[in-house]
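Participant: Need the 3D shape of this:
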Amino acid sequence: MRSSCGIPTLVNHAMKLTTLFALLFALLPLRATAQEPSTPAQAADIAVAPSTVKDSIDRGIRHLRGLQDNETGQYGDGVEATAEVLIALAGSPRKYRVADGPFIGKAVEYLESRKTASGLVLDSSAKTDATRMRQTLLAALAFSRTGAPGYVGKNKSAASALEAAAEAIDAAVFAQIKGELLPAARVIDSRALLGLLASQDATGAFAGDKSAAGTAHILRDLTATWKSLRAAEVAGAGSVAPLPTFSGQSRARTEAAMRRGAKYLIDEGALGAGQWGAMGQADPGITAMVLGGLLAVPEPRGAEVDAAIDAGIKWLLTMQHDDGSIHAGQLANYVTSASVMALAAAKRPDLAGPIGRARGFLTILQSDEGEGYKPGDRYYGGVGYGGDERPDLSNLQMAVEALAAAGADAKDPAMQKALKFLERCQNREESNDTKIESDEGTIHSGDDGGAGYMPGDSKAGFVVLADGTRVPQSYGSMTFALLKSYLLAGISKDDPRVAAAFQWIQRNYTLDLNPGFEASPEPGAAYQGLFYYFLAMSRALELFGVGTLTTPDGAAHNWRSELAGRLTSMQLPDGSWVNNNSPRWFEGNPTLATAYALLALGPVVR
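Facilitator: This is a model prediction of the structure:
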């Protein structure tokens, strides 16, 4: 008897079925092991930050998205390329799954559409047994790793495709293709890594093979390298020291600290007229943050500061693209949003045009019907780093504040769409419908009122409940980001969603760390994004219109005076600020940390 594909049925079908599942699911952990980070010592010579590699991966993913057929969902030239792209995306730092959006879901649907009556998944041009089985097994791996229905969990049989494959496969054929199925990802050495990153163009493509499959292979290698670098970063983290003690500060002393910070940015931090950055390279995102910080200094700011602001605005405008975005090839949302806020803070009529064009770009970035999302999709209404691959609350709160600065009110469609995403980031069962089935267990909302990083996930990890379900851990910077965004989207202070967030803030109020990370085993975890946390706090509480917070012990805290005291206690003798306990997210760069500090102090002295 032959299948519709013309491949002979084996007599010992039951044995082959067992063998196929054993081999395939043995291959799953084998492949995972091959992509695990090498030891920190093996990666120690690579002088590239993990975040730089991660940014490159994100840009490569955007290149892949541009290669996808929007009608069929197919990547590249068929089943193999589409499956390899899905495997690379699922294994990337962001661990994409079917629920993340159409760029995954439609590709999975495409593979499903290539399933034959016998259950094999293949292109019509596949003629040999080896090609047919290779395509089917790659598709099965893609289904499993992206969480396609029926393929979640390594111990569940992926019935339709694999049962039919077991009926068709020959042991010799399987042995032949097993080693070729998915070559092991490798950690790239330092010299090759620097060359590869330098070869990436503005579209996210790498020099050489720009095909979907070729890019997928590069991204798998970059992911293995990122894991190795991140492991080395964690292992090499030094001890942390508690922040200095502080007391409330007067307005006069706060303003003096801000003027010292501004002087540092102009005298020491500037890389050229109106340009700031990192590692000797001017960067529009950091420049925009610095401009916002300088503009937060109370007037009269002085001729030198005003001249630096004017020069910075002039340079920033040269970075605006035809689509309205402002960036240098990466982090399009973050940089454009920061730029809009800086330009709006300048209050110059001649900047209305550039601000308006940037506002249009930010609106296009939102994950909505234009990208195939529906209100029921987990990431509907969100905004990501430069596209809709993986929206998160950090990016969304930047976009929401920038849209508000550009003139969007609460009735703006972008603001209204953002609300659904905000609800799904908040640990509040009444308004959060997120439920995710994963290999680690069911993930759903908690009910403490705080927020994580994105629907169903948190940079601070998870709380595991007694029944094994997992709740994203709420943490400070994202809860303030949530509160700010709710208010900008027109939600009133007495709304239950806002009230729950504010209650979390009062219960967890501190200026000694970013609350929510305390249980992390990573040294310095509670200090990650500390200046970002201070800025989110300052802006959110200013919008909320409250001057005093009451903690569970009944103590009343004047947050403006205390925030000023905390930041002035951390200022270095040269006028700068830096996050010595955790340089993550670029807070080890004194230029950016100083800009954050000035921006956070702005509402204190207004």
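Participant: where does the stretch 151-300 of the chain have low pLDDT?
Facilitator: Residues of the stretch 151-300 of the chain that meet the criterion pLDDT under 70 lie in 151-181, 236-238.
Participant: which residues in it form strands?
Facilitator: With DSSP state E, counting those that start in this stretch, the ranges of strands along the stretch 151-300 of the chain come out as 277-278, 281-282.
Participant: ok, now the chain?
Facilitator: Ranges of strands in the chain, per DSSP state E, are 277-278, 281-282, 435-438, 441-444, 462-464, 470-472, 548-550, 556-558.
Participant: Of those strands, which is nearest L535?
Facilitator: Evaluated over the strands of the chain, closeness to L535 peaks at strand 548-550, with 16.9 Å, by CB to CB. No exception for glycine: its C-beta is placed from N, CA and C like everyone else's.
Participant: Name the surrounding residues that touch that closest one.
Facilitator: Applying CB atoms under 8 Å, 6 or more residues apart in numbering, the contact partners of strand 548-550 are I505, Q506, Y509, L541, A556, H557, N558, W559.
Participant: Looks like the first one contacts T479 (just checking).
Facilitator: Yes: judged on CB atoms under 8 Å, I505 makes contact with T479 at a distance of 6.0 Å.
Participant: When these two are compared, which one has more neighbours?
Facilitator: Neighbours around I505 and T479, counted as other CB atoms under 10 Å, are more numerous at T479. The numbers are 31 against 24.
Participant: can I assume the more buried one is in contact with G450?
Facilitator: Yes: counting by CB under 8 Å, G450 is a contact partner of T479 at 4.3 Å.
Participant: which neighbours do these two share?
Facilitator: Shared contacts of T479 and G450 (CB under 8 Å, 6+ apart): A501, W504, N508, G516.
Participant: Out of those, who's the most crowded?
Facilitator: Comparing the shared contacts of T479 and G450 by number of neighbours (other CB under 10 Å), A501 comes first, having 31 neighbours.
Participant: A408 contacts A414, correct?
Facilitator: Yes: if you go by CB under 8 Å, A408 and A414 touch, sitting 6.4 Å apart.
Participant: Nearest to D306, out of the strands of the stretch 151-300 of the chain?
Facilitator: With respect to D306, and counting by CB to CB, the nearest of the strands of the stretch 151-300 of the chain is strand 281-282 at 20.2 Å.
Participant: rewinding a little: among the shared contacts of T479 and G450, which lie within helices?
Facilitator: Counted as lying in helices by DSSP state H, out of the shared contacts of T479 and G450, are A501, W504.
Participant: need the shared contacts of T479 and G450 in a markdown table with pLDDT, can you?
Facilitator: Below are the shared contacts of T479 and G450 laid out as a markdown table (pLDDT from 0 to 100):
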| residue | pLDDT |
| --- | --- |
| A501 | 98 |
| W504 | 98 |
| N508 | 97 |
| G516 | 95 |
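Participant: Quick check: the farthest pair among the shared contacts of T479 and G450?
Facilitator: A501 and G516 (13.1 Å).
Participant: picking that back up, the contacts of strand 548-550 into JSON lines, with extra columns for pLDDT and distance to E304?
Facilitator: Below are the contacts of strand 548-550 laid out as JSON lines (pLDDT from 0 to 100; distance: CB to CB, whole Å):
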{"residue": "I505", "pLDDT": "98", "distance to E304": "38"}
{"residue": "Q506", "pLDDT": "98", "distance to E304": "41"}
{"residue": "Y509", "pLDDT": "97", "distance to E304": "37"}
{"residue": "L541", "pLDDT": "98", "distance to E304": "31"}
{"residue": "A556", "pLDDT": "96", "distance to E304": "40"}
{"residue": "H557", "pLDDT": "96", "distance to E304": "36"}
{"residue": "N558", "pLDDT": "96", "distance to E304": "32"}
{"residue": "W559", "pLDDT": "97", "distance to E304": "31"}
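Participant: ok, back up a step: just put the strands of the stretch 151-300 of the chain in JSON lines and tack on mean neighbour count and distance to F361.
Facilitator: Formatted as JSON lines, the strands of the stretch 151-300 of the chain follow (neighbours: other CB atoms under 10 Å; distance: least, CB to CB, whole Å):
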{"stretch": "strand 277-278", "mean neighbour count": "19", "distance to F361": "22"}
{"stretch": "strand 281-282", "mean neighbour count": "14", "distance to F361": "21"}
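Participant: Throw those into TSV and include distance to T136, thanks.
Facilitator: Shown next, in TSV, are the strands of the stretch 151-300 of the chain (distance: least, CB to CB, whole Å):
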stretch	distance to T136
strand 277-278	47
strand 281-282	47
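Participant: Using the record, which stretches count as separate domains in the protein?
Facilitator: Annotated domains of the chain cover 13-235, 254-430+439-605 [automatic domain parsing].
Participant: and the ones you listed, which is most packed in?
Facilitator: Stretch with highest mean neighbour count among those: domain 254-430+439-605 (a mean of 20; mean count of other CB atoms under 10 Å).
Participant: Among the strands of the stretch 151-300 of the chain, which comes closest to Q426?
Facilitator: Using CB to CB, the nearest of the strands of the stretch 151-300 of the chain to Q426 is strand 277-278, at 33.1 Å.
Participant: Check the gap between the closest residue to A405 other than its chain neighbours and Y486 for me.
Facilitator: Leaving aside its sequence neighbours, A405 sits nearest to A344 (CB to CB, 6 or more residues apart in numbering; 3.9 Å). Distance of A344 to Y486, computed by CB to CB, to the nearest Å: 21 Å.
Participant: Just confirm V297 contacts A597, I think it does.
Facilitator: No: with contacts counted by CB under 8 Å, V297 stays clear of A597, the gap being 11.4 Å.
Participant: in the chain, which segments are predicted with low confidence?
Facilitator: 1-47, 150-181, 236-238, 386-389.
Participant: 50 instead?
Facilitator: The model of the chain has pLDDT under 50 over residues 1-46, 152-164, 166-167.
Participant: and I436, bridged to which residues?
Facilitator: For I436, the beta-bridge partners under DSSP bridges are I443.
Participant: Look up how far H444 lies from it.
Facilitator: As defined by CB to CB, I436 lies at a distance of 7 Å from H444.
Participant: Find residues that contact each of these two.
Facilitator: Common neighbours of I436 and H444 (CB under 8 Å, 6+ apart) are G456.
Participant: what's the distance between the closest residue to D201 other than its chain neighbours and Q249?
Facilitator: The spatially closest residue to D201, leaving aside those adjacent along the chain, is A207, at 7.7 Å (CB to CB, 6+ apart). To Q249, A207 is 53 Å away according to CB to CB.
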